[in-house]
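Undergrad: Can you look at this prediction? I've put the sequence above it.
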Amino acid sequence: MRNIVLMVGVLVATFTVLTGCSDSNHQSLAPTSTGGNITFHVEWPTTAQMATRALPVNAVKLVVSLTENGQEKGSVTINKPDTTGTITSVPVGLATVTAKAYDENNAVIASGSTDITVIKQATVVAKLTLIENGSQAIGTMTALGTLGGNYSVATDINDNGQVVGNSYTSDGKTHAFLWTASKGMQDLGTLGGDSSSATAINNNGQVVGNSATTTTNHAFSWKSGSQMQDVGTIIDSQYPNNNYSCAAAINDNGQVVGYSYGDNGGSGWYQKAFLWTSSSGIQDIGALGGSSTYPSGINNLGKIIGNVADNNNYWSAYLWTPSGVPGAGLQSFSGVVNSINDNGQMVGQTGRYGLACLWTSAGAAPQELGTLFPRDVCSQALAINNIGQVVGSSNTYSGPAQAFIWTAGNGMQSLGTLGGQWSCANGVNNIGQVIGQAQNSAGFSVAFLWTPGGSRSVNAPHITFTMEYPEGSFPMPKITQPWTNR
């Protein structure tokens, strides 16, 4: 008999696992086809312990379940102030353990699961610990729907609350959309092909992205009252097969940045950056210091950011201020840069799988923004507005990501999900509204709009899981997959 401990803040649940083993310090059990009973002991937080927390996680119910091959083999609900509960006849073999803690509104404040192997001749000690040193921003996350399919993602939002992205249609195609609070989601169509995707929108309601044509894929510009306009590509004698293009960003002056690319035979796939306006058309601005370049943003001062690879596929970030002189004003720096505001602040990550960071200038050292939870090992900042709010996602290498908003005053705060396991924030306007995509309770990825509703620091808990084995146990029980927080 050994103990499995679940700590929910100062809430402690102790699982007493009877596994049909012989232990010199405990009762001997004859081997059976089941691992025995699991008894859960809960120590609820005291009034004094709760008083030490300004905004405590008030867990009032604990639910733990075991499933085998997708079928539930037992569960127990322990309601405060009860302190014990038992699951009987636990099966030997592979089982999934799931634990959920609920607050007084019946909302799950922490949950997680793992697959374990229950072996009747081994004694298992497992520990579930809820860590509460994260923070959650207060606001409302709203699903924006779809164009008839079961998938959508929001990629940008302007200061008027207009949102763009792409969605599955009812016939399985992917189309660009414009969403407004008054009209909902509007299909922007294509350039003649089956699919399209909107990447950015400015404060004048001009939308850019890319779309399939009848033969290839081109960047587009779209305005209300007009059809989708083909931006074209950059084709020259050196790279005659750059038949594709993609628009990445647009500023309020209607300047669009993107890249043109194609398979150029012995030269391989090659990307060249472009700057486009409706009056001047598409302009070749080169590879900006490398063999391939991917512009990612342009602010209202015309400063362009992006990421570039050299001939050895080594990536670096750049900031370029067009001056009319070829090659002048280009600054390179280490990292991946994704967004720039009108104050010249840039955000991205310290590497392709690094930490979210902020630069005040191309020559400044990056300020690392950290992660939401200690378990997280990487984060990425995807957008910044003019008041310095940063959004993105924080995650483990293999676990679900969580959308965040970061400010200098409050640090990194979680935005939550739409009832599923993960979320990612892709854009933020100057009002503090955030857009992105999140998994809903049905398991589908849908676009969301998050609207702030005040600011306070609250606990954003998650659970970690470990197992210990007694000396001489054979065969050894084991975790067959990492604990996954939800």
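TA: That came through, no problem.
Undergrad: dump the residue contacts of residue 161.
TA: 180-181, 429, 431, 433, 449 (Cβ atoms under 8 Å, 6 or more residues apart in numbering). Quick note: C-beta positions are derived from backbone N, CA and C, even for glycine.
Undergrad: out of the residues you listed, who has the most neighbours?
TA: residue 429 (22 neighbours; other Cβ atoms under 10 Å).
Undergrad: what's the distance between it and residue 205?
TA: 13 Å (Cβ to Cβ, to the nearest Å).
Undergrad: Can you pull the residues that touch both of those two?
TA: With Cβ under 8 Å, 6+ apart as the test, residue 429 and residue 205 both reach residue 158.
Undergrad: re the thing from before, any chance of the contacts of residue 161 in CSV, plus secondary structure and distance to residue 160?
TA: Below are the contacts of residue 161 laid out as CSV (DSSP: H, G, I helix; E, B strand; the rest coil; distance: Cβ to Cβ, whole Å):
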residue, secondary structure, distance to residue 160
180, strand, 8
181, coil, 10
429, coil, 8
431, coil, 9
433, coil, 10
449, strand, 13
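Undergrad: which one of the residues you listed is nearest residue 368?
TA: residue 429 (24.7 Å; Cβ to Cβ).
Undergrad: wait, isn't the closest one in contact with residue 163?
TA: No: using Cβ atoms under 8 Å, residue 429 is not in contact with residue 163, being 9.4 Å away.
Undergrad: now for the contacts of residue 161, which pair is the farthest apart?
TA: Using Cβ to Cβ, the pair of the contacts of residue 161 lying farthest apart is 180 and 431, separated by 14.7 Å.
Undergrad: And the closest residue in space to residue 229 that isn't next to it in sequence, how close does it get to residue 409?
TA: In this structure, residue 229 finds its nearest non-sequential neighbour in residue 221, 4.6 Å apart by Cβ to Cβ, 6 or more residues apart in numbering. Distance, residue 221 to residue 409, by Cβ to Cβ: 37 Å.
Undergrad: out of the two, which sits in the more crowded spot?
TA: Set residue 221 next to residue 409 and count neighbours by other Cβ under 10 Å: residue 221 wins out with 20 against 7.
Undergrad: Enumerate every residue touching the more buried one.
TA: So residue 221 contacts 206-208, 228-229, 231, 247, 250, 256, 276, 278 (Cβ under 8 Å, 6+ apart).
Undergrad: after the strand or helix carrying it, next one along is what?
TA: Mapping residue 221 onto the secondary structure by DSSP states H and E places it in strand 217-222. Downstream of strand 217-222, the next assigned helix or strand under DSSP H and E is strand 229-232.
Undergrad: can you list contacts of the helix or strand just after that following strand?
TA: Moving toward the C-terminus from strand 229-232, the next helix or strand (DSSP H and E) is strand 244-250. With contact meaning Cβ under 8 Å, 6+ apart, strand 244-250 is reached by 199-202, 206-210, 216-221, 231-234, 256-262, 274, 276, 282, 294-298, 306.
Undergrad: For ChimeraX, what selects the buried ones among those?
TA: To isolate the buried members of the contacts of strand 244-250 in ChimeraX, using 16 or more other Cβ atoms under 10 Å:
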select :199,200,201,202,206,207,208,209,210,217,218,219,220,221,231,233,234,256,257,258,259,260,261,262,274,276,282,294,295,296,297,298,306
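Undergrad: if I've got this straight, residue 259 is in a helix?
TA: No: under DSSP: H, G, I helix; E, B strand; the rest coil, residue 259 sits outside any helix and is assigned strand.
Undergrad: List the beta-bridge partners for the residue nearest to it when sequence neighbours are not counted.
TA: Leaving aside its chain neighbours, residue 259 sits nearest to residue 271 (4.6 Å; criterion: Cβ to Cβ, 6+ apart). On the basis of DSSP bridges, residue 271 is bridged to residue 261.
Undergrad: Residue 284 reaches residue 234, doesn't it?
TA: Yes: the criterion here is Cβ under 8 Å, and residue 284 meets it with residue 234 at 4.8 Å.
Undergrad: Mutual contacts of these two, please.
TA: Common neighbours of residue 284 and residue 234, counting by Cβ under 8 Å, 6+ apart, are 260, 272, 274.
Undergrad: Confirm that residue 192 sits in a helix.
TA: No: the assignment for residue 192, made by three-state DSSP, is coil rather than a helix.
Undergrad: what's the burial count for it?
TA: There are 14 residues near residue 192, going by other Cβ under 10 Å.
Undergrad: for it, phi and psi?
TA: phi 110, psi -10 (degrees, to the nearest 10).
Undergrad: Show the pLDDT at it.
TA: In this prediction, residue 192 carries a pLDDT score of 96.
Undergrad: likewise residue 234?
TA: 85.
Undergrad: can you tell me which residues contact it?
TA: Residue 234 sits next to 242, 245, 260, 272, 274, 282, 284 when contact means Cβ under 8 Å, 6+ apart.
Undergrad: Now with 7 Å, please.
TA: Residue 234 makes contacts with 242, 260, 272, 274, 282, 284, as judged by Cβ atoms under 7 Å, 6 or more residues apart in numbering.
Undergrad: cool, and residue 261?
TA: With Cβ under 7 Å, 6+ apart, residue 261 has these contacts: 242, 244, 269-271.
Undergrad: Weed out the non-buried ones from those residues.
TA: 242, 244, 270-271.
Undergrad: what's the neighbour count on the closest residue to residue 155 other than its chain neighbours?
TA: Nearest residue to residue 155, sequence neighbours excluded (Cβ to Cβ, 6+ apart): residue 165, at 4.5 Å. Residues lying near residue 165 (other Cβ under 10 Å) number 27.
Undergrad: got a pLDDT number for residue 165?
TA: 98.
Undergrad: hmm, back to that, lowest-confidence entry in the contacts of residue 161?
TA: Per-residue pLDDT puts residue 431 lowest of these, at 93.
Undergrad: Can you dump the C-alpha atoms of stretch 331-350 in CSV for me?
TA: Backbone C-alpha positions of stretch 331-350 (Å, rounded to 0.1, in the frame of the first residue of the first chain) are rendered in CSV as follows:
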residue,chain,number,x,y,z
GLN,A,331,19.9,46.1,-39.4
SER,A,332,20.3,42.4,-38.6
PHE,A,333,20.0,40.8,-35.1
SER,A,334,19.6,37.4,-33.5
GLY,A,335,16.2,35.8,-33.0
VAL,A,336,12.9,35.5,-34.8
VAL,A,337,10.8,38.7,-35.1
ASN,A,338,7.1,38.6,-35.7
SER,A,339,5.6,42.1,-35.1
ILE,A,340,6.5,45.8,-34.8
ASN,A,341,4.5,48.7,-33.4
ASP,A,342,4.6,52.4,-34.2
ASN,A,343,7.1,53.0,-31.3
GLY,A,344,9.6,50.7,-32.9
GLN,A,345,9.1,47.9,-30.3
MET,A,346,9.4,44.5,-31.8
VAL,A,347,8.4,41.0,-30.5
GLY,A,348,9.2,37.5,-31.4
GLN,A,349,11.3,34.8,-29.7
THR,A,350,15.0,34.3,-28.9
